[in-house]
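Chemist: what follows is a predicted structure for the sequence shown.
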Amino acid sequence: MSAKEINHGEINHGNLSQEKLMKIVLEPRVTEKSTLVGEKYNQFVFKVLKSATKPEIKNAIELLFKVEVESVQVSNVKGKNKIFKREPGKRPDWKKAYVKLKSGFDIDFMGA
């Protein structure tokens, strides 16, 4: 096998450890909007670490769910200002990732 040939049986996760990749995806975001996006565009929405990059998110999703990712779009979400018992406060900022899967792949969160 030459250096240019790729072994399609393995997924290359770069130089990141599997432990770090497992910590990148915090939770799936199941909302009305994310359900509509999932049905229409085959995309799934996840809450991820603020420091995560697109390639890291892609590798983490491929490792966790055993799927192939076509693209990743990210959005930084600002935390809301809140008042609790007359004391002002702020909810934390977080990052949202829209992950588009290649055709033929799906993620089942219900675990049938």
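Modeler: Nice, I can see it.
Chemist: so Thr35, which of the three states?
Modeler: Applying DSSP: H, G, I helix; E, B strand; the rest coil to Thr35 yields a three-state assignment of helix.
Chemist: how close does it get to Phe44?
Modeler: 10 Å (C-beta to C-beta, to the nearest Å). Glycine gets a C-beta too; all of them are placed from N, C-alpha and C.
Chemist: which residues of this structure fall in strands?
Modeler: Along the chain, counting by DSSP state E, strands occupy 25-28, 43-48, 69-77, 81-84, 87-90, 94-101.
Chemist: look at Thr35 and Phe44 and report which has more neighbours.
Modeler: A count of neighbours by other C-beta atoms under 10 Å puts Phe44 above the other of Thr35 and Phe44, at 24 against 13.
Chemist: before we move on, the earlier item: okay, the strands of the chain in JSON lines with distance to Glu62 and mean pLDDT next?
Modeler: What follows is the strands of the chain, written out as JSON lines (distance: least, C-beta to C-beta, whole Å; pLDDT from 0 to 100):
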{"stretch": "strand 25-28", "distance to Glu62": "11", "mean pLDDT": "94"}
{"stretch": "strand 43-48", "distance to Glu62": "12", "mean pLDDT": "96"}
{"stretch": "strand 69-77", "distance to Glu62": "6", "mean pLDDT": "97"}
{"stretch": "strand 81-84", "distance to Glu62": "36", "mean pLDDT": "95"}
{"stretch": "strand 87-90", "distance to Glu62": "34", "mean pLDDT": "96"}
{"stretch": "strand 94-101", "distance to Glu62": "10", "mean pLDDT": "97"}
